[in-house]
Structures are given as C-alpha cells and as structure tokens.
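J.: Give the three-dimensional model of this entry:
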Amino acid sequence: MSSPTQLSDLIGIEHSKLGYFQELRQKIEELQVANKESENRRREIAAILDGITDVMMVLSEDMRIISVNGVFRALFDDPLPEGKFCYQIFRGADHPCAECPAFKSLSTNTVCKETAIFRIGGVNRQFEMVASPLKNPHLPEHRVLIFKRDVTLEKEYQAKYYHAEKMATVGVLATGVAHELNNPLMGISGYAEGLQRSIMRHSENLPLELSQDLREYSDIILKECQRCQGIVHSLLNFGHPISSVFSPISINDVVKETLQLLHYHLKKHNLVLKVSYDNILPHISGDAPQLKQVLLNLLTNAIDALEGRHGTISVKTYASGGAACMEVADTGRGVSESVRDNMFDPFFTTKPVGKGIGVGLSTCYNIVKEHRGEIFVESEEGAGSRFVVSLPAPQGEDNE
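T.: Here you go, the predicted structure:
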C-alpha cells in the first residue's frame, strides 16, 4: 500500500531543501488562522445582530432587501426575503412609501427617524423606524441600514395615560355642567306640570282650541326636558374616566344614542346623513359609554372633513366574520398615505391650533383594542374616508 502524497512530493525535494516548503507551509497556517479569526468574527457579528430585538434590514438604493436579522425572519413567514422590495413585504404595495426614511437618509446622508403603522398578520402594529446611510466607496452602490422597533404597546400605554387625564378633566366639567343644567330643567318641567294642572282645572272656562294648544305645548316642553336630561346623563357617561365592567350591549343602540347626541350638530352643518342598521347583529361584550365615545370621535372628524362643503356621512352596522361592525364614511377631503400612517399616534393632528390636540383617534384605537377589536381606515386625498370598527362577539352569542 502506497503512502499518501505529501506537499513536499508535489513541489519537489530541491525546493524543500531551499526552505520553500517551510515558507509555504507557514503561509498556509497563517491563512488558516486568519480564516478562523474571520469566521469567529462573522459568527460574533451574526450573534450580535440576532440578539437585537428590533427588526433589522440592509437595503439597496432601490429598496431591495440585501440582508435581514433573525427578528425579521421570526416576524414574517417569507423564507427568502432577500432580493425583494421592502414595501412589497411590509405594505403589499408595488411602489415605495411616500415618506420612506430610507430614501430620505440616502439623499441627505443623515440618520432619519419615522413612525408608521403596518398591518402584519392581520393586526395593526406601530413601528418606530431609524434609517442610517451606509455609503462605502468600495461597494458598487450605496446601502441603508434600517431598524424597526415595535412600539405598539408603548403607544397604547401613552394613549391610556392621555385618555385618563383627559377623561378626568371632562368628568369634573361634565359633573358641574350636569348639576347646573339639572336645576333649571327641573324648574321648567315643574312649571310645565303645574301649567297642565291649571289647564285641567280651568278647561271649562277656556276655548277648546286654546286648551288643546296649551296641552300640546306643555307636553312638548316636558318631552324636551326629558330629552335634555337624557343628554346630560350621556355626557356624564362619556366623562367617566374608568372602564366599567363589560356587559352585553347592542351596537345598534350605541349608534342610535350617539346620533341622538349629535342630532343638532349634524342639522346645523346641513349635511346629508345616511344610516343603515343590520337587525341581525350579535351582541358584544363591552362598555357602551366608551364605544359611544369612539363613534362620537369618528363622526366629529367626519363633520370636520366636510366643513365648508356639501357632503354625505354614512353610518351603518353589519356582521362580518363573527364580529359586529360599525362603519363611518364621509365624502370629505380625505387624507394622504403619510397621514394615515400616523393618525392613531397620540397628539398627531392635521387640524389647526384650537381645533384639536390629536388625542381623539389615539383614544379610539386604545378603546377598540381594550374590546379585543380592530379599527381600520381607508382614505384617499379628495375622495373621502372610511373608518370601520370591528368588535368580536362572545362565542355562542345569540343575534339581536
């Protein structure tokens, strides 16, 4: 059996005698050590990147994904994201996002930050994005490093805090207003009842037509007083800062009572209101005053979107996939994609100073999440907006 071929056999004994073999073997050993160190560094960097809890991507100039970390792969089911456009994966779109921080970072050569909402796995998630340019003269093209941190829970807790403060203030004001209104309302209703008794006592001495008119007028006064007392009671419920115990409620009743509160406001703006109720809706478990507040905010925003123009507001309820849905749509100004991405953030508002502070939609988002529901928005500049609140029904719940 022949012995294995050695390196000295290949290069010849003469070169070995001259020390060439030793030098070559030394170079090979150095390369092996350098390769091992390089591999160790690569594994160390990979471990560091996989240890980062944020989604990380390296993108090319045209927004193609070059590499990702382990958190990205855990978040998305796509086994091979490399080579695909980031907006395809995050947005399901065929064009880049309007306010992409990656483009801004490459063009300005600075670190750029942005917050946006992405729908992942059927759930809305808010991400805080940081884009850093990677401009290297040795690379064929510039690249950008993106970190996306999930701040959904953080934003929800912020919204809860702002909502609690706001509702505490509103509760104090509503209590004072209720007491101030109840006293004159009771006086008015008391005098109206006294007027009815007087009419009954002196009906024989009054002309029949006058007696009927007085009875009709006094009945209207009493009915309006009762309606005002109901509105004051609703205001007290809206100002309640703490979520009450969830109980079975009807979405249709929530919509009807909220529209009653806004009846005068809608009439004053001369808007067309279209209402459609699904009478075969499942009851949901929730807090009626809080859901009224959600609908009140959505309707108020729809009215503001139609300010200065004739338009239509559509409100409807329907069942979808075991959930009860209420929808508010308007034919107003609509919003851009960049506004849609931030409209549920606390203190984000497109209204001028004095018109709003940007806690309405963030409060709606928080209330809907507490009810284990979802809130969706579809809007386009110049084409109006459509908000849908979907609330799951308890298992085995009977229809209305």
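J.: which outside residues touch the strand ranked longest in the chain?
T.: The longest strand of the chain (DSSP state E) is strand 123-134. Strand 123-134 is contacted by residues 55, 58, 101-102, 104-106, 109-119, 142-152, 155, 344-345, 374-376 when judged by C-beta atoms under 8 Å, 6 or more residues apart in numbering. For the C-beta atoms, the positions are set from N, CA and C on the backbone; glycine is no exception.
J.: repeat for stretch 266-273
T.: Taking C-beta under 8 Å, 6+ apart as the rule, stretch 266-273 contacts L259, I303, L306, E307, H310, G311, T312, I313, S314, V315.
J.: same check, this time on stretch 209-227
T.: Contacts to stretch 209-227, defined as C-beta under 8 Å, 6+ apart, come from residues L185, I188, S189, A192, E193, L195, Q196, I199, S203, L206.
J.: ranges for the strands of the stretch 51-200 of the chain?
T.: 55-60, 65-68, 112-120, 123-134, 143-150 (DSSP state E, counting those that start in this stretch).
J.: among these, which is nearest G286?
T.: strand 123-134 (19.0 Å; C-beta to C-beta).
J.: Paired strands for that closest one, with orientation please.
T.: Taking DSSP bridges as the criterion, strand 123-134 forms sheet pairs with strand 112-120 (antiparallel), strand 143-150 (antiparallel).
J.: State the mean pLDDT of the first one.
T.: The average pLDDT within strand 112-120 is 82.
J.: Centre of the chain to that strand, how far?
T.: In terms of C-alpha atoms, centre = their mean, to the nearest Å, the centre of strand 112-120 is found 11 Å from the chain centre.
J.: now, which of the contacts of stretch 266-273 lie within strands?
T.: Per DSSP E, those map to strands at T312, I313, S314, V315.
J.: Show me which of the residues you listed are buried.
T.: Using 16 or more other C-beta atoms under 10 Å as the burial test, the ones in strands among the contacts of stretch 266-273 include I313, S314, V315 as buried.
J.: you'd agree the first one is up against D330?
T.: Yes - here I313 lies in contact with D330, judged by C-beta atoms under 8 Å, at a distance of 5.0 Å.
J.: Switch the ones in strands among the contacts of stretch 266-273 over to CSV; also include distance to L361 and pLDDT.
T.: Formatted as CSV, these follow (distance: C-beta to C-beta, whole Å; pLDDT from 0 to 100):
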residue, distance to L361, pLDDT
T312, 21, 86
I313, 17, 89
S314, 19, 91
V315, 17, 92
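J.: Now do the shared contacts for I313 and D330.
T.: With C-beta under 8 Å, 6+ apart as the test, I313 and D330 both reach A302, L306.
J.: Sketch out the low-pLDDT regions of the stretch 101-250 of the chain for me.
T.: Applying pLDDT under 70 to the stretch 101-250 of the chain flags the ranges 138, 163-179, 230-245.
J.: now the helices: where do they sit in it?
T.: 101-108, 152-201, 208-238 (DSSP state H, counting those that start in this stretch).
J.: D150: neighbour count?
T.: Other residues lying near D150 total 18 when counted by other C-beta atoms under 10 Å.
J.: Show the contacting residues for it.
T.: Neighbours of D150 in contact, by C-beta under 8 Å, 6+ apart: D54, V55, R125, Q126, F127.
J.: I'd like the residues you listed as CSV, with distance to A383 appended.
T.: Converted to CSV, these look like this (distance: C-beta to C-beta, whole Å):
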residue, distance to A383
D54, 35
V55, 32
R125, 26
Q126, 25
F127, 27
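J.: For the residues you listed, could you give me a markdown table that also reports neighbour count and distance to D213?
T.: What follows is these, written out as a markdown table (neighbours: other C-beta atoms under 10 Å; distance: C-beta to C-beta, whole Å):
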| residue | neighbour count | distance to D213 |
| --- | --- | --- |
| D54 | 16 | 74 |
| V55 | 22 | 73 |
| R125 | 17 | 63 |
| Q126 | 21 | 61 |
| F127 | 20 | 66 |
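J.: before we move on, the earlier item: looking at the helices of the stretch 101-250 of the chain, which is buried most?
T.: helix 101-108 (a mean of 19; mean count of other C-beta atoms under 10 Å).
J.: Point out the other helices and strands that it packs with.
T.: In terms of contacts (3 or more C-beta pairs under 8 Å, 6 or more residues apart in numbering; DSSP states H and E), helix 101-108 is packed against strand 112-120, strand 123-134, strand 143-150.
J.: Kindly state the domain boundaries assigned to this structure.
T.: 7-50, 53-150, 152-242, 248-400 (automatic domain parsing).
J.: now, of the ones you listed, which is deepest in the fold?
T.: Of all these, domain 248-400 has the most neighbours on average by mean count of other C-beta under 10 Å, namely a mean of 17.
J.: coming back round to it: could the strands paired with strand 123-134 be laid out in JSON lines, adding distance to N279?
T.: Putting those into JSON lines (distance: least, C-beta to C-beta, whole Å) gives the following:
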{"stretch": "strand 112-120", "distance to N279": "31"}
{"stretch": "strand 143-150", "distance to N279": "40"}
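J.: who wins for proximity to L299 among those strands?
T.: strand 112-120 (22.2 Å).
J.: quick one: that closest one to helix 101-108, angle?
T.: 160 degrees (axes from the mean of the first three to the mean of the last three C-alpha atoms, to 10 degrees).
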